[in-house]
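[1] how does the following fold in three dimensions:
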Amino acid sequence: MDDKILKLKEIIDGGKRIVFFGGAGVSTESGVPDFRSVDGLYNQEYDYPPETILSHTFYMRNREEFYRFYRNKMLFPDVKPNKAHYALAKLEEQGKLTAVITQNIDGLHQKAGSKNVYELHGTVHRNYCENCGKFFSLDDIMKMDGVPKCDCGGFVKPDVVLYEEGLDQGTINASVRAIANADVLIIGGTSLAVYPAAGLIDYYRGNQLVLINKSSTPKDGRADLVIHDAIGEVLSQVVEI
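    Presented below is the predicted three-dimensional model:
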């Protein structure tokens, strides 16, 4: 182990209320593309920019085009959790990690076994009829063609936060409480460029701030430990999974 990995192990071993705050980089090791990398969604060509297609206005005006993009570029029903997801689930099982706060919508943390997960941007696994409120799973959506519709005739909307939509206040409040009460905050796989989600880490008042990301972030200078590497590779060296 190099010095930084040893320091991370020391921090995790000493932590009693660890919180993990993660972004797209946590899932890229599972094969889910992120938004801002060289191969990410923002660097591919479409009739409309992804920010436009994934907006509330576009969804309301052009559901067919929204769902064509959404199915092709946002849904990955067969992806599996990676070493990062399993390491975090293990820490929770050991009673050391109190919460996972994620910007991802893929549900991989839960699939790996994590129980206390706050999904800031919602999840593809919850879908609701806009008319009657009936629940639809991801499997239900995958089996439908075109714009999903309920038996009542209403349109089915994924429970994900689109551009122009606000974050769920209950999820924000729970995330703030978890971060404020943490003695260790590990931030991984995020450029900390997406607000208001990235602003939540300003509520941290603990002793050890760890940043694990392939590239630098605006908060690197504030962190007690910075590791520029893949989050799964790093965590699997300090947590036995």
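
[2] which SSE is immediately downstream of the least confident helix or strand in the chain by mean pLDDT?
    When each helix and strand of the chain is scored by mean pLDDT, DSSP states H and E, helix 50-53 comes last, with a mean of 88. Downstream of helix 50-53, the next assigned helix or strand under DSSP states H and E is helix 56-61.

[3] and that following helix, which residues are buried?
    Neighbour-count burial for helix 56-61 flags 58-59 (criterion: 16 or more other C-beta atoms under 10 Å). Glycine gets a C-beta too; all of them are placed from N, C-alpha and C.

[4] what residues does that helix touch?
    When contacts are defined by C-beta atoms under 8 Å, 6 or more residues apart in numbering, helix 56-61 is touched by residues 48, 52, 65-66, 157, 162-165.

[5] so what pLDDT did residue 1 get?
    Confidence at residue 1, expressed as pLDDT, is 59.

[6] got it, and residue 49?
    Looking at residue 49, its pLDDT is 82.

[7] next, count neighbours for it.
    Neighbours of residue 49 under the rule other C-beta atoms under 10 Å: 12.

[8] if you rank the contacts of helix 56-61 by neighbours, which is first?
    Counting neighbours by other C-beta under 10 Å, residue 66 comes out on top of those with 22 neighbours.

[9] I'd say it and residue 52 touch.
    No - look at residue 66 against residue 52 with C-beta atoms under 8 Å: they stay out of range, at 10.0 Å.

[10] assess the claim that residue 201 and residue 192 are in contact.
    Yes - using C-beta under 8 Å, residue 201 makes contact with residue 192 at a distance of 7.4 Å.

[11] what residues are shared contacts of those two?
    Common contacts of residue 201 and residue 192 (C-beta under 8 Å, 6+ apart): residue 219.

[12] now do the closest residue to residue 236 other than its chain neighbours, the pLDDT please.
    Nearest residue to residue 236, sequence neighbours excluded (C-beta to C-beta, 6 or more residues apart in numbering): residue 83, at 4.0 Å. Residue 83 carries a pLDDT value of 97.

[13] for residue 100, give me its contacts.
    Here residue 100 is in contact with 19-20, 22, 88, 92, 109, 114, 116-118 (C-beta under 8 Å, 6+ apart).
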